[in-house]
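*Asks:* build me a structure from this.
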Amino acid sequence: MTEPELTPDGHFVVINGRRWRATDPEVPPEQAARLRSLLMAARRDVGAALRAQDAGAERDARARVHLAKTALGERGTPWWEQTPGQRRRRWQDGLDALTPPSAS
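*Replies:* Presented below is the predicted three-dimensional model:
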């Protein structure tokens, strides 16, 4: 699979002529992969909730999609307008919110 086209400033990817905010390139690869995994799980849960006509589960899943996309820098304050510390806190807070506590 080829990488999507980026705008010259690197802030957006272009897919089928439409611009979408690019993932923050400063998110470490391991954390970015974990966030993408959590994002895809939440998207699958949206679909399952829609098929089950479960409005509560759909709301929960959509909230997790939003958290993951925000943590990746694809929503919320543009990552290029944030300080390095704000960027780090954004993806770390997203991981903390999306990762269930480990069983003791």
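
*Asks:* so how far is Thr23 from the residue positioned nearest the centre of the chain?
*Replies:* Geometric centre of the chain, nearest residue: Lys69, 2.2 Å, by C-alpha atoms, centre = their mean. According to C-beta to C-beta, to the nearest Å, Lys69 and Thr23 sit 9 Å apart. For every residue, glycine as well, the C-beta is placed using N, CA and C.

*Asks:* Gly73 and Pro4, how far apart?
*Replies:* 15 Å.

*Asks:* what about these two, which has more around it?
*Replies:* The neighbour comparison of Gly73 against Pro4 (other C-beta atoms under 10 Å) goes to Gly73, with 26 against 12.

*Asks:* how about the contacts made by that one?
*Replies:* Contact analysis of Gly73 by C-beta atoms under 8 Å, 6 or more residues apart in numbering lists Arg21, Ala22, Thr23, Asp24, Val27, Trp79, Arg87, Arg90, Trp91.

*Asks:* closest one to Pro100 out of the residues you listed, please.
*Replies:* Pro100 lies nearest to Trp91 out of these, by C-beta to C-beta, at 17.5 Å.

*Asks:* next one: the closest one relative to Ser102, how far apart?
*Replies:* Per C-beta to C-beta, Trp91 is found 20 Å from Ser102.

*Asks:* the two - which one has more neighbours?
*Replies:* Between Trp91 and Ser102, counting by other C-beta under 10 Å, Trp91 is the more crowded of the two (24 against 5).

*Asks:* for the more buried one, helix, strand, or coil?
*Replies:* Applying DSSP: H, G, I helix; E, B strand; the rest coil to Trp91 yields a three-state assignment of helix.

*Asks:* got phi/psi on Asp54?
*Replies:* Backbone torsions for Asp54, taken as degrees, to the nearest 10, come to phi -110, psi 100.
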